[in-house]
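# Give me coordinates for this.
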Amino acid sequence: MDLSGPIRVVVAKPGLDGHDRGAKVIARALRDAGMEVIYTGLHQTPEQVVDTAIQEDADAIGLSILSGAHMTLFAKVIELLRERDAADIKVFGGGIIPEADIPPLKELGVAAIFTPGTPTSDAVEWVRANVRQTAGA
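All right, here's what the predicted structure looks like:
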């Protein structure tokens, strides 16, 4: 990873959920904070998300999931990153995710989960503080 440029984040809406307002709000907040954001659009497969992150040399992937498929979709993205030797790309996300599902997601390797009502500044500050800590190590 090139540590000299802006933090690069792929923001994605995996699965069949068609509600992307939250993803767009986060994408804009990250962009306004000086990060380079690649928004993939709706209905992305985990394979498409990982391909984009690798092609774009992303430092992180932010997934927005409102469909209830968060356990499956996060797990698949993490698995694909490991298979493609890209586990250094941090995965974080948000959406309608029950509190009880957050610890198992973190055990899978999801770095952070932001639930509805989280201020965008919290997500921005988390990315700034955590995304490049292990990059290049």
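# what ranges do the strands span in the protein?
Here the chain has its strands, by DSSP state E, at 8-12, 36-39, 60-65, 90-95, 112-114.
# Could you dump those into JSON lines and include mean pLDDT and distance to Asp122?
For every residue, glycine as well, the C-beta is placed using N, CA and C. Converted to JSON lines, the strands of the chain look like this (pLDDT from 0 to 100; distance: least, CB to CB, whole Å):
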{"stretch": "strand 8-12", "mean pLDDT": "98", "distance to Asp122": "15"}
{"stretch": "strand 36-39", "mean pLDDT": "98", "distance to Asp122": "17"}
{"stretch": "strand 60-65", "mean pLDDT": "97", "distance to Asp122": "13"}
{"stretch": "strand 90-95", "mean pLDDT": "96", "distance to Asp122": "10"}
{"stretch": "strand 112-114", "mean pLDDT": "98", "distance to Asp122": "7"}
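# Name the residues that touch the longest helix seen in the chain?
If you go by DSSP state H, the chain has its longest helix at helix 70-83. Helix 70-83 is touched from outside by 14-15, 46-47, 49-50, 53, 61, 63, 65, 87, 89, 91, 93, 95, 97, 101, 104-105, 108-110, with contacts defined as CB atoms under 8 Å, 6 or more residues apart in numbering.
# Now do the buried residues in it.
Within helix 70-83, the residues that count as buried by 16 or more other CB atoms under 10 Å are His70, Leu73, Phe74, Ala75, Lys76, Val77, Ile78, Leu80, Leu81.
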